[in-house]
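Visitor: here is the input, now give the coordinates:
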Amino acid sequence: MLCSLVACTDPADPSTDTDPSASASTDSEVNESASTQIKYEKPQDVLDASPHLVGLTDQKNSRIIVCDLAVEDWSNDAAVVWEFKDHRVHTAAGIKFRSNEIYGGEVVLFCGPAGAGIISYETKKMLFFTSNVGENPHSVELLPDGTFLVASSTDNLLLVYAAAAGRVNPVQQIRCENAHGVLWDPKYQVVWTVGIDKLCAYSVSGGPQRPRLTLNEGMVYTTSQGGLHDLAPCYGNPDALFVTCNAGVLLFDKEKERFTTAYPGAYYGSKMDYVPGTGNFVDNVMAMTQIISGKTVHHIWCTNVVTMLIPLDRYTVRKITRIAPNDAYYKLRVRNFDYQ
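Guide: Now for the predicted structure:
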């Protein structure tokens, strides 16, 4: 683990103490942004310095929301800056933000038991929807050419939908064990998936009318950490991505082809048992939903807590939380419409 590079002890108060591993991010390059160069006195100073918005699937209230992490009191929707409430997003699991010319610009992707779709962020109009999504869909992706993807966990499928209007049935179904995450990689031009203990890359061919994904046999990576659950880009470093698992949050170094804990806040992030969704901002602030046994709400896989890991400088990371008493979250995404 990263924290083995320095002397580490469990802090008495993890919500306010320094991350002793923050200076040891040597295994993989991380985003060298202003927040890691400037000394901040407290986490709120970092959050107030630039926008920090996150998208959440609120399963209790059948909605997708965007919240402002800079707002300290999340009761009564005080932090909500955008909301989409509809029966089609009931118990929604997957969520992503994308900018796609075919669908007119900034969109929100979602998937859940009721179906999967694409929502205009500006107008909140449903631009695409399909109810043919398999059993227990967990993640969704939209390729730049309009190809739509859904990872369905219970039936072990990666579903591929063509971009043409009216294509609500998948044109390809790929067996993907315990499919929990799917992510387009614009630099490496592959689709990443995760499930059980494997991170896999698929090449894309056929064009938007007849898309086809093929497993890249040379890009299948296994980790001893089971329960691979979620994928997120590492904004600021296109040669890395975040993978959540039973051991918290890992960073996968694409160039060195290995899993690491070389990111600011890994002292905390790598000790979390169950993280359904995570992401980072370009200033290295990380946000995540963390499921803690005995402290769940609505469902055993939901929480009303958002956890943040906030660098105050190059050497200091603080862990703080936001609590929404009336909500029940599953996935979390930073509101960044870029693919990488």
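Visitor: rest of the way, CA atoms for contacts and neighbours
Guide: Noted.
Visitor: quick one: the residue lying closest to residue 189 once chain neighbours are set aside from residue 133, how far?
Guide: Distance criterion Cα to Cα, 6 or more residues apart in numbering; nearest residue to residue 189, sequence neighbours excluded, is residue 203 at 7.1 Å. Per Cα to Cα, to the nearest Å, residue 203 is found 22 Å from residue 133.
Visitor: what is the neighbour count of the residue nearest to residue 189?
Guide: The local packing of residue 203 (other Cα atoms under 10 Å) involves 14 other residues.
Visitor: hey, C-alpha coordinates of the strand or helix carrying it in PDB?
Guide: Here residue 203 sits within strand 198-205, counting by DSSP states H and E. Coordinates of each C-alpha in strand 198-205 appear next as PDB, following Å, rounded to 0.1, in the frame of the first residue of the first chain:
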ATOM      1  CA  LYS A 198     -11.000  -8.300 -13.600                       C
ATOM      2  CA  LEU A 199     -10.500  -5.000 -15.500                       C
ATOM      3  CA  CYS A 200     -11.000  -5.600 -19.200                       C
ATOM      4  CA  ALA A 201     -10.600  -3.500 -22.400                       C
ATOM      5  CA  TYR A 202     -12.700  -3.800 -25.500                       C
ATOM      6  CA  SER A 203     -11.900  -2.500 -29.000                       C
ATOM      7  CA  VAL A 204     -14.800  -0.900 -31.000                       C
ATOM      8  CA  SER A 205     -15.500  -1.400 -34.700                       C
END
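Visitor: tell me the buried residues in it?
Guide: 198-202, 204 (16 or more other Cα atoms under 10 Å).
Visitor: quick check: bridge partners of the residue lying closest to residue 331 once chain neighbours are set aside?
Guide: With Cα to Cα, 6+ apart as the criterion, residue 331 has its nearest non-adjacent residue at 4.5 Å, and that residue is residue 277. Beta-bridge partners for residue 277, by DSSP bridges, are residue 289.
Visitor: quick check: residue 277 vs residue 291, distance?
Guide: 10 Å.
Visitor: higher neighbour count, those two?
Guide: Shown here are residue 277 and residue 291; by other Cα under 10 Å, residue 277 has more neighbours (28 against 23).
Visitor: for that one, give me the pLDDT.
Guide: Residue-level confidence at residue 277 comes out at 95, pLDDT.
Visitor: so what's residue 172 bridging to?
Guide: residue 160.
Visitor: who's in contact with it?
Guide: 159-161, 212 (Cα atoms under 8 Å, 6 or more residues apart in numbering).
Visitor: helix or strand next in line after the longest helix seen in the chain, which one?
Guide: When the chain is parsed with DSSP state H, its longest helix is helix 43-49. Following helix 43-49 in sequence order, the next helix or strand is strand 53-58 (DSSP H and E).
Visitor: neighbouring strands - and their directions - for that following strand?
Guide: Taking DSSP bridges as the criterion, strand 53-58 sits next to strand 63-68 (antiparallel), strand 329-334 (antiparallel) in its sheet.
Visitor: output the below-cut-off pLDDT ranges for the stretch 51-200 of the chain.
Guide: 165-166 (pLDDT under 70).
Visitor: strands along that one, start to end?
Guide: Taking DSSP state E, counting those that start in this stretch as the test, the strands found in the stretch 51-200 of the chain are 53-58, 63-68, 80-85, 94-100, 105-112, 115-120, 126-130, 137-142, 148-152, 157-161, 172-175, 181-185, 190-195, 198-205.
Visitor: dump those strands into TSV; add distance to residue 253 as well.
Guide: Shown next, in TSV, are the strands of the stretch 51-200 of the chain (distance: least, Cα to Cα, whole Å):
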stretch	distance to residue 253
strand 53-58	24
strand 63-68	29
strand 80-85	33
strand 94-100	22
strand 105-112	26
strand 115-120	30
strand 126-130	34
strand 137-142	21
strand 148-152	23
strand 157-161	24
strand 172-175	25
strand 181-185	13
strand 190-195	13
strand 198-205	12
